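A.B. asks: Okay, sequence plus prediction incoming.
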Amino acid sequence: MHLAVLLLVSALSGATLALDNGEMRVPPMGWLAWERFRCDIDCAHDPKNCISEDLFIDMADRLSEDGWRELGYVYVNIDDCWSSMKRDEKGRLQADPKRFPGGIHKLARYMHDRGLKLGLYGDLGTHTCGGYPGTTLDKIELDAQTLADWEVDMFKFDGCYSNATEQAKGYPLMSKALNATGRPIGYSCSWPAYQGGLPPKVNYTQLGEICNLWRNYGDIQDSWDSVLNIIDWFFENQEVLAPAAGPGKWNDPDMLIAGDFGLSMDQSRAQMALWAIMAAPLFMSNDLRTISSGARSILQNKMAISINQDAMGIQGRRIVKEKNGIDVSWRPLSNNASALVFFSRRNDMPYRYQTTLGKLNYTAGSYKIYDVFTEKTTTLKDTTGFVVSVNPTGVVMWHVSAFSECLIKGNRFQPLKICLLYCSG
């Protein structure tokens with residue numbers, strides 16, 4: 001029951017203490033350049049893969065023409081190395097004129113004409129991580145207004161070449177400056193990642209009041225070891241992280257890398273499932289022009305996306321960590337549904353995991369089970385034993401909903417023990 005109490009607190013806090021810009025009431029979705037393309041600016045030798053206007057136009061075309069936009073993938077985010085090495089004569093940031101001849105404003109209009117949104121990268125410090133002009137404290141208001149003038153929809157504020165004192169001033173100041181422009185701009189803060197990600201150095205109540213999402217931990221790399229390291233950190237610290245998340249304020253474990261080089265299909269499904277359970281932003285970093293059909297089917301899975309985008313915005317938690325290498329994570333969803341993920345950290349053979357819904361904290365009754373990746377449906381009672389076969393480094397993901405015999409207390413639909421806390425008699 002302690003789990004239920006914490007989730008109730010999380011749900012209540014999520015309704016009241018979020019940044020008041022009205023943005024990102026569900027986790028944002030889209031595409032981000034960094035992990036796949038980094039700071040490749042050699043357009044002369046590799047024009048299709050360099051950080052340039054053409055790359056982002058290509059990705060916008062793919063999002064709008066290949067079914068991504070309709071699923072919610074609407075942001076096209078430019079990361080580091082987009083700018084000129086010098087500000088203009090008025091002190092404003094400016095795009096590199098060779099790689100972005102039309103400028104950022106023209107690119108934003110291109111996105112908007114296709115029902116998409118443009119995200120841009122900046123850095124609180126003397127320089128960005130890639131060595132381009134940063135935003136020092138005296139430039140915050142100017143840069144915020146520049147973003148608004150360019151019609152940018154999201155701003156990621158990194159923290160290279162700054163110190164803790166500057167970050168404590170700069171991140172709240174940028175939030176205030178963005179709101180003062182009058183343009184809704186989703187605000188992604190890297191502040192906690194530079195302060196170790198945990199209290200007492202990180203104040204998650206304050207973060208939820210000034211930022212829409214925040215990077216808590218290190219950058220993801222194109223490898224299973226990197227993904228597993230991030231998964232472990234987030235679930236090991238879930239008692240701190242989960243209550244901080246909610247509509248308009250999200251923990252960000254970094255990009256989805258399905259479709260790149262480092263993950264198998266099972267591992268790609270595992271990342272997608274666990275990011276959905278964690279109510280994480282879904283920013284792909286891959287090449288949508290050449291993505292495989294397998295990776296596309298994982299990233300376009302409608303039920304996984306629906307779970308991620310659930311309106312209650314409660315971040316799920318790991319509820320079982322078995323010695324045999326199986327973890328079980330659970331997330332409450334709207335309409336008294338829930339999601340379960342059975343995750344194997346084994347690397348030998350598929351593992352047949354046995355349990356019951358009752359052992360996983362479900363109340364008495366019958367439940368409809370929908371397997372997210374096989375699309376098969378079955379029915380289970382809370383007392384019925386079942387077996388799931390989980391591939392090594394893979395997942396089985398379920399959407400769980402209750403039948404009418406689970407009605408309790410005044411015909412209120414309450415399939416989980418957590419829901420008992422909402423019953424008043």
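C.D. replies: The structure has been received and is ready for your questions.
A.B. asks: residues touching the residue nearest the centre of the chain, list them.
C.D. replies: The geometric centre of the chain, computed from its C-alpha atoms, lies nearest to Pro281 (C-alpha atoms, centre = their mean), at 1.6 Å. By C-beta atoms under 8 Å, 6 or more residues apart in numbering, Pro281 lies in contact with Pro27, Pro28, Met29, Leu213, Trp250, Asp252. For every residue, glycine as well, the C-beta is placed using N, CA and C.
A.B. asks: neighbours around the fourth one, how many?
C.D. replies: The local packing of Leu213 (other C-beta atoms under 10 Å) involves 26 other residues.
A.B. asks: Which residues are in contact with it?
C.D. replies: Contacts were defined as C-beta under 8 Å, 6+ apart; by that measure Leu213 touches Met24, Pro27, Pro28, Gly186, Tyr187, Ser188, Cys189, Lys249, Trp250, Asn251, Asp252, Pro281.
A.B. asks: Between the two ends of stretch 236-243, what distance do you get?
C.D. replies: Distances were taken as C-alpha to C-alpha, to the nearest Å; on that basis the terminal residues of stretch 236-243 are 14 Å apart.
A.B. asks: tell me which residues in that stretch are buried?
C.D. replies: Using 16 or more other C-beta atoms under 10 Å as the burial criterion, the residues of stretch 236-243 that qualify are Asn237, Gln238, Leu241, Ala242, Pro243.
A.B. asks: Helix, strand, or coil at the fourth one?
C.D. replies: To tie it back to what came earlier, the one meant is Ala242. helix (DSSP: H, G, I helix; E, B strand; the rest coil).
A.B. asks: now it: how far from Gly316?
C.D. replies: Separation of Ala242 from Gly316 (C-beta to C-beta, to the nearest Å): 8 Å.
A.B. asks: Over to Thr363?
C.D. replies: For Thr363, the distance to Gly316 - C-beta to C-beta - is 18 Å.
A.B. asks: quick one: which of the two has more around it?
C.D. replies: Higher neighbour count among Thr363 and Gly316: Gly316, with 26 against 18, using other C-beta under 10 Å.
A.B. asks: Contact partners for the more buried one?
C.D. replies: Taking C-beta under 8 Å, 6+ apart as the criterion, Gly316 is in contact with Ala242, Ile277, Met278, Ala279, Ser329, Trp330, Arg331, Pro332, Ala339.
A.B. asks: Show me which of the residues you listed are buried.
C.D. replies: Buried among the contacts of Gly316 by 16+ other C-beta under 10 Å: Ala242, Ile277, Met278, Ala279, Ser329, Trp330, Arg331, Pro332, Ala339.
A.B. asks: Could you save these as TSV and add columns showing secondary structure and distance to Lys98?
C.D. replies: Below are those laid out as TSV (DSSP: H, G, I helix; E, B strand; the rest coil; distance: C-beta to C-beta, whole Å):
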residue	secondary structure	distance to Lys98
Ala242	helix	45
Ile277	helix	43
Met278	coil	40
Ala279	coil	40
Ser329	strand	47
Trp330	strand	51
Arg331	strand	46
Pro332	strand	50
Ala339	strand	47
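A.B. asks: which other helices and strands contact the top helix by length along the chain?
C.D. replies: Longest helix in the chain, counting residues (DSSP state H): helix 164-180. Using 3 or more C-beta pairs under 8 Å, 6 or more residues apart in numbering; DSSP states H and E as the contact definition, the elements that helix 164-180 packs against are helix 140-149, strand 154-158, strand 186-189, helix 191-194, helix 204-210.
A.B. asks: Direction-wise, compare the longest one with helix 164-180 and give the angle.
C.D. replies: In terms of direction (axes from the mean of the first three to the mean of the last three C-alpha atoms, to 10 degrees), helix 140-149 departs from helix 164-180 by 40 degrees.
A.B. asks: Output the contacting helices and strands for helix 140-149.
C.D. replies: Here helix 140-149 touches helix 164-180, going by 3+ C-beta pairs under 8 Å, 6+ apart.
A.B. asks: Between strand 154-158 and the helix it packs on, find me the angle.
C.D. replies: Helix 164-180 and strand 154-158 are oriented at 170 degrees to each other (the same axes, to 10 degrees).
A.B. asks: buried ones in stretch 118-137?
C.D. replies: So, applying 16+ other C-beta under 10 Å, buried residues of stretch 118-137: 118-125, 127-130, 132-136.
A.B. asks: Show me the domain layout of this protein.
C.D. replies: According to automatic domain parsing, the chain comprises the domains 19-308, 317-422.
A.B. asks: got JSON lines for the ones you listed, with mean pLDDT too?
C.D. replies: Shown next, in JSON lines, are the domains of the chain (pLDDT from 0 to 100):
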{"stretch": "domain 19-308", "mean pLDDT": "98"}
{"stretch": "domain 317-422", "mean pLDDT": "87"}
